[in-house]
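Asker: Return a 3D structure for these sequence lines:
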Amino acid sequence: MKRILPRHFFKVIALLATLTFITLAYWAFGANVIPNGVTPLTTEGQLRVKIAPGSNVNSVARQLIAQGVDTSVLKVQLVTRGLFQGSKLKAGVYDFAPGSSLATIVLKMGRGDSVRMSITLVEGSTFKQFKSMIDAQPELKKEARKWTSQQILTAIGAKETHPEGLFFPDTYLYEPGDTDLVIYQRAYKAMNKRLDDYWSKRPSDLPIKTPYDLLKLASIIEKETGHHEDRTLVSAVFNNRLKIGMKLQTDPTVIYGLGDRFDGNLRKKDLLTDGPYNTYTRYGLPPSPIAMPGKEALAAAIAPAKSTAVYFVAKGNGRSSFSETLVEHNRAVRQYQLGK
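Answerer: Here you go, the predicted structure:
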């Protein structure tokens, strides 16, 4: 025998559903959930909240409440489920304007529309310049601000003892509150990945014998020219010199060795004074890279142009003149450097 429900049962259910929907709609779209008077944490009038990774709906609600959002766990549960966002809420740092509805907040977290900051490491930058940029980022937690370079390398698991050249030039995104070590780690891993990739493609007759030497050579190429058409030719000159045992004689290594003593003017005495980075007085590559090489310099280091040139001189227009003999080189120097 079938059980017959009261004839008003479905009407009651429909009425309850309607009332629930109206309440939910009020909470989601009508109610302001960021109270006036909340101390802004970013630009004027905004509230910034941070949601931890791995948070479920209930923990998201508690974090919102703890950071100044005027709501309740029940409201957040109803709105997230009503908007089908329960499994979509993403961790991150979010900015909300005063008067934001709970729907606005939930949908924003569902999209993962969190605050993103960025820092750009430019090709040819030194580690000192890179560290200064990181230290100047207001939204990063400065764990390594007062650390030595060796302490930073140890913290990110680097096996090298000198930081120069180990960080790949690129733009790195981060969230406010991330530590500065996050940037160091990402840039270090990115350089290792690039270096491994290029090293695996090297030709058999390359005179450099280790990936670290590739990094050294690429850093010199990076500092010697910013013109993409000249990079492989500059690489050819240095590869040719390494093959025949000729000194590299490149100014950027000497400048790097001078450090803070370099005043913008490279003098003859600087070229004659011996030191680890003086490639006018010493053979072979310097003891470390001299800057952070980009992908084009790395590519040029392993794929030099088919050229027998062993000299080059700047023309003064961003390009260089390349020569095979000293006689040709001296002629180019007189033309482009001395104006004769």
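Asker: what kind of secondary structure is L173 in?
Answerer: For L173, the assignment made with DSSP: H, G, I helix; E, B strand; the rest coil gives strand.
Asker: How about the one 4 residues further on?
Answerer: Under three-state DSSP, G177 falls in the coil class.
Asker: From I51, how far off is it?
Answerer: 11 Å (CB to CB, to the nearest Å). C-beta: built from backbone N, CA, C; applies to glycine.
Asker: more neighbours, those two?
Answerer: I51 (19 against 13; other CB atoms under 10 Å).
Asker: tell me the contacts of the more buried one?
Answerer: 60, 63-64, 89-94, 109 (CB atoms under 8 Å, 6 or more residues apart in numbering).
Asker: How many residues are close by the closest residue to W147 other than its chain neighbours?
Answerer: Spatial nearest neighbour of W147, excluding adjacent residues (CB to CB, 6 or more residues apart in numbering): A155 at 7.5 Å. For A155, the number of neighbouring residues by other CB under 10 Å comes to 15.
Asker: Assess the claim that A155 and L181 are in contact.
Answerer: Yes: look at A155 against L181 with CB atoms under 8 Å: they come within range, at 5.8 Å.
Asker: list residues touching both of the two?
Answerer: Residues touching both A155 and L181 (CB under 8 Å, 6+ apart): A144.
Asker: which outside residues touch the helix ranked longest in the chain?
Answerer: When the chain is parsed with DSSP state H, its longest helix is helix 180-200. Outside helix 180-200, the residues that touch it by CB under 8 Å, 6+ apart are 119, 121, 130, 134-135, 137, 140-145, 152, 155-156, 158, 165-168, 170, 172, 174, 211, 214-215, 292, 295, 298-299, 301-302.
Asker: Quick check: what element follows it along the chain?
Answerer: helix 211-224 (DSSP states H and E).
Asker: Check which residues of the helix or strand following that next one are buried.
Answerer: Per DSSP H and E, the first helix or strand lying C-terminal to helix 211-224 is helix 228-244. For helix 228-244, a neighbour-count test (16 or more other CB atoms under 10 Å) marks 230-242 as buried.
Asker: Would you mind putting these into JSON lines with pLDDT and distance to T279 alongside?
Answerer: Shown next, in JSON lines, are the buried residues of helix 228-244 (pLDDT from 0 to 100; distance: CB to CB, whole Å):
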{"residue": "D230", "pLDDT": "92", "distance to T279": "19"}
{"residue": "R231", "pLDDT": "94", "distance to T279": "18"}
{"residue": "T232", "pLDDT": "95", "distance to T279": "20"}
{"residue": "L233", "pLDDT": "95", "distance to T279": "18"}
{"residue": "V234", "pLDDT": "95", "distance to T279": "14"}
{"residue": "S235", "pLDDT": "96", "distance to T279": "15"}
{"residue": "A236", "pLDDT": "95", "distance to T279": "17"}
{"residue": "V237", "pLDDT": "96", "distance to T279": "12"}
{"residue": "F238", "pLDDT": "97", "distance to T279": "10"}
{"residue": "N239", "pLDDT": "96", "distance to T279": "14"}
{"residue": "N240", "pLDDT": "96", "distance to T279": "15"}
{"residue": "R241", "pLDDT": "96", "distance to T279": "9"}
{"residue": "L242", "pLDDT": "97", "distance to T279": "11"}
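Asker: Check these and tell me the two furthest apart.
Answerer: Taking CB to CB, the two most distant members of the buried residues of helix 228-244 are D230 and L242; they sit 18.4 Å apart.
Asker: By neighbours, which of the contacts of I51 wins?
Answerer: Neighbour counts for the contacts of I51 (other CB under 10 Å) peak at L64, which has 27 neighbours.
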